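1. dropping the sequence and predicted coords here.
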Amino acid sequence: MPEAPKKSQKTSNSYSVVETNKKALQFIEDVTTKPDELQERVLAEILSRNSHVEYLQRNGLKGQTDRETFKKTMPVITYEDIQEDINRIANGDKSSMICSLPISEFLTSSGTSGGERKLMPTIEEELGRRSLLYSLLMPVMSQYVPNLEKGKGMYFLFIKSESKTPGGLLARPVLTSYYKSSHFKERPYDPYTNYTSPNETILCLDSYQSMYSQMLCGLFQNQEVLRVGAVFASGFIRAIRFLEKHWTLLCHDIRTGSVNQLISDISVRESVMKILKPDPGLADFIEFECSKESWQGIIKRLWPNTKYIDVIVTGSMSQYIPTLDYYSNGLPLVCTMYASSECYFGVNLNPLCKPSEVSYTLIPTMAYFEFLPVERNNEVNESISMSKSLNGKEQQELVDLADVKLGEEYELVVTTYAGLYRYRVGDILRVAGFKNNAPQFKFICRKNVVLSIDSDKTDEVELQNAVKNAETHLMPFDAQLTEYTSYADTTTIPGHYVLFWELNINGSTPIIPPSIFEDCCFTIEESLNSVYRQGRVSDSIGPLEIKIVENGTFDKLMDYAISLGASINQYKTPRCVKFAPIIELLNTRVISSYFSPKCPKWVPGHKQWSCINSLP
């Protein structure tokens, strides 16, 4: 296989940006020239090293490593198909169940099963593959924006809480795993990973202290900042909102060269104090800009040398583009890479393209990729509902990386080094072009997802069950929910779920107190999955809102849909709406609104683990 660019151990004095970039770009050229050949070798390597594992044996693969036998023998699966195996490993089974190498930890997916995060198995060597993909990003970017090595990146990076399975394995988000690894903490010198945030501020679990200290360091080094970002667009906007709330405290610290006493983590304080010095002039400048009535262009005003914003704005994150444009005065929005808890996939080779044109080139050495053709009639519908199980004919329809067709849509299926075989990731991709012989994919959506604010993903069935649970609060008042829909409101920071309810209330029924609707809001939140509830507790998602609309509102909605060409015979109320005129129509008929009065319960780990741990 083409040799991956080696991690340099050089010091800053001997580091060669030109040489490093050249090696990385040559690697991309090599792997995209013969993707099918590489994919065949990747599959053979995965199957060869895992030939004796229980899962492959159980499904009838007896040591064969060829692609044809693999496709005929191994089923295409979802998480539920391997959940029993995952649970056995989580509970301490150390046999070679799915992988010949030991499972080093579980990566908790933002997708859920039974309301709990999915647990994705990983092995130690996967950290190397993730580091490889990261090492390709800036060499690609440097082709479009020169001299990025001469300044710093202001990135708001955070870790999240982790837990241990009953068998003692860590379970944590993929980025938490990476930031806490030696690959990140002890990374060799690289001017492209020169951040304004010291490691200690990133690795602080207290979200307030982490955000405050990272913002303080970013402001103090404002002239050195050439690029800014976070993982998701929603996270970067939260950072700007944090600045809006706390700029006076931050200015005081810069003016005096001190750190606010609320930052109690000793390692964070010490790391920040190594950077911070009294600078009254800078404090005056920040105070002047932040005191202005309008915050339009605040990013470019405070960090004047910034060339672009590095955040994910594809999929559900596209709803934040107008807000980012407002705060930045239209700085380029760059999506650099495509990755998930299951596997890291690829990179964007045209990073300065418009957000609507972002496509990713899958790196053929990361895993073995297959593609399940997707057909849909409604291009406007961003949520695609698909069955979990495939029949024999559908399983035969999967195509390889080199065989996808331009303009067609597919669901991504992966076979990984860490023990996932023909696993349906749930992402819908469209072939947008090619780099040499390797296809480039535009991310379309997650299948079945109707609502998303941050990393949360709520599907229609889950929403329906949550609403059904909330309806019980209306029964004593002889009131029924006749119709509802929802949308993700990102005009607030943080964004929040909004449900429009139309009620049928018996005329003799006493007025329903506001507290009852607040109870409905809270019950819905309590009924949603653990990723949503964690988002609420960590303040990345705002309180859920129920808006009561006038009777006849959903008839008006149907009339509007039919006027746009919908069939009256096939029309059904959408459970989520994104089209601005529809949201506007609904909002004009709101008669009252209510918010969830408190955060739903959330604790790290899985419910079944706490049950196991509580047994005598």
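-> Here it is on my side, so go on. Numbers count the residues shown, from 1 in each chain.
2. ok, Arg238 touching Gly495?
-> No - contact between Arg238 and Gly495 fails when scored by Cβ atoms under 8 Å: they sit 9.6 Å apart. The C-beta positions use only the backbone N, C-alpha and C, and glycine is treated the same way.
3. strands of the stretch 201-350 of the chain, residue ranges please.
-> Taking DSSP state E, counting those that start in this stretch, the strands of the stretch 201-350 of the chain run over residues 225-232, 308-312, 333-334, 337-339, 344-347.
4. what comes into contact with the fourth one?
-> Which is strand 337-339. Here strand 337-339 makes contact (Cβ atoms under 8 Å, 6 or more residues apart in numbering) with 130, 133-134, 137, 174, 344-348, 360, 362, 441, 443.
5. can we see that at 6 Å?
-> 345-347, 360 (Cβ atoms under 6 Å, 6 or more residues apart in numbering).
6. tell me the one of these nearest Leu302?
-> The nearest member of the contacts of strand 337-339 to Leu302, counting by Cβ to Cβ, is Val347 at 29.3 Å.
7. is it true that the closest one touches Met138?
-> No - in this structure, Val347 is not within contact of Met138 by Cβ atoms under 6 Å, at 10.6 Å.
8. of the two, which one has the most company?
-> Counted by other Cβ atoms under 10 Å, Val347 and Met138 do not tie: Val347 has more neighbours, with 25 against 22.
9. so what's that one up against?
-> With Cβ under 6 Å, 6+ apart, Val347 has these contacts: 136, 337.
10. mean pLDDT added to the strands of the stretch 201-350 of the chain, as CSV?
-> Listed next are the strands of the stretch 201-350 of the chain as CSV, based on pLDDT from 0 to 100:
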stretch, mean pLDDT
strand 225-232, 92
strand 308-312, 92
strand 333-334, 94
strand 337-339, 90
strand 344-347, 93
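11. next, the buried residues of stretch 194-211.
-> Neighbour counts over stretch 194-211 (16 or more other Cβ atoms under 10 Å) mark 194-204, 207, 209-211 as buried.
12. er, stretch 515-524 I mean
-> Quick answer for stretch 515-524 (16+ other Cβ under 10 Å): 516-524.
13. tell me which other helices or strands the top helix by length along the chain touches.
-> Longest helix of the chain, by residue count under DSSP state H: helix 233-256. When contacts are defined as 3 or more Cβ pairs under 6 Å, 6 or more residues apart in numbering; DSSP states H and E, helix 233-256 packs onto helix 207-220, helix 280-290.
14. now with 8 Å?
-> The contact analysis (3 or more Cβ pairs under 8 Å, 6 or more residues apart in numbering; DSSP states H and E) places helix 233-256 against strand 152-156, helix 207-220, strand 225-232, helix 280-290, helix 298-302, strand 308-312, helix 321-328.
15. contact partners of the fifth one?
-> Applying Cβ under 8 Å, 6+ apart, the contact partners of helix 298-302 are 219, 222, 228, 240, 243, 286, 289-290, 306, 309, 327-329, 331.
16. let's see that with 7 Å instead.
-> With contacts defined as Cβ atoms under 7 Å, 6 or more residues apart in numbering, helix 298-302 is touched by 219, 222, 228, 240, 286, 289, 306, 327-329, 331.
17. please enumerate the helices of the stretch 451-600 of the chain.
-> For the stretch 451-600 of the chain, helices defined by DSSP state H, counting those that start in this stretch occupy the ranges 460-471, 514-527, 530-537, 553-563, 580-587.
18. alpha carbons of the fourth one, as CSV, please.
-> The C-alpha trace of helix 553-563 is given here as CSV (Å, rounded to 0.1, in the frame of the first residue of the first chain):
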residue,chain,number,x,y,z
THR,A,553,-53.8,25.7,11.7
PHE,A,554,-52.9,22.3,10.4
ASP,A,555,-55.7,22.5,7.8
LYS,A,556,-54.0,25.7,6.6
LEU,A,557,-50.7,23.9,6.5
MET,A,558,-52.2,21.2,4.3
ASP,A,559,-53.7,23.8,2.0
TYR,A,560,-50.3,25.4,1.7
ALA,A,561,-48.6,22.1,0.9
ILE,A,562,-51.2,21.3,-1.8
SER,A,563,-50.8,24.7,-3.3
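19. from here on, count from 487
-> With the count now opening at 487, the last piece we talked about shows up as helix 1039-1049.
20. for it, give the mean pLDDT please.
-> For helix 1039-1049, the mean per-residue pLDDT is 84.
21. buried ones in that helix, by neighbour count?
-> 1039-1040, 1043-1044, 1047.
22. quick check, nearest of those to Val1076?
-> For the buried residues of helix 1039-1049, the nearest to Val1076 is Thr1039 (8.8 Å; Cβ to Cβ).
23. and the residue lying closest to that closest one once chain neighbours are set aside, how far is that from Cys1062?
-> Once flanking residues are discounted, Thr1039 sits nearest to Arg1075: 4.5 Å by Cβ to Cβ, 6 or more residues apart in numbering. Applying Cβ to Cβ, to the nearest Å, the value for Arg1075 to Cys1062 is 18 Å.
24. looking at the two, which is more packed in?
-> Cys1062 (21 against 18).
25. surely that one and Ser972 touch.
-> Yes - using Cβ atoms under 7 Å, Cys1062 makes contact with Ser972 at a distance of 5.1 Å.
26. need the overlap of contacts for these two.
-> Leu937.
27. is Phe513 in a helix, a strand, or coil?
-> helix (DSSP: H, G, I helix; E, B strand; the rest coil).
28. export the buried residues of helix 1039-1049 to JSON lines and tack on distance to Asp522?
-> Formatted as JSON lines, the buried residues of helix 1039-1049 follow (distance: Cβ to Cβ, whole Å):
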{"residue": "Thr1039", "distance to Asp522": "54"}
{"residue": "Phe1040", "distance to Asp522": "51"}
{"residue": "Leu1043", "distance to Asp522": "48"}
{"residue": "Met1044", "distance to Asp522": "49"}
{"residue": "Ala1047", "distance to Asp522": "45"}
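29. pull the most distant pair out of those residues.
-> That would be Thr1039 and Ala1047, which, of the buried residues of helix 1039-1049, are the farthest apart (Cβ to Cβ) at 12.9 Å.
30. still on that earlier bit, out of the contacts of strand 823-825, who's nearest Asp676?
-> Val833 (16.5 Å).
31. who's the closest one bridged to?
-> Met823, Thr847 (DSSP bridges).
32. that one and Tyr620: what is the separation?
-> Counting by Cβ to Cβ, the gap from Val833 to Tyr620 is 10 Å.
33. rank the helices and strands of this protein by mean pLDDT and give me the bottom one.
-> Sorting the helices and strands of the chain by mean pLDDT, DSSP states H and E puts helix 1093-1100 at the bottom, at a mean of 50.
34. hang on, the earlier thing: just put the strands of the stretch 687-836 of the chain in CSV and tack on distance to Asn507.
-> Formatted as CSV, those follow (distance: least, Cβ to Cβ, whole Å):
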stretch, distance to Asn507
strand 711-718, 16
strand 794-798, 17
strand 819-820, 17
strand 823-825, 16
strand 830-833, 14
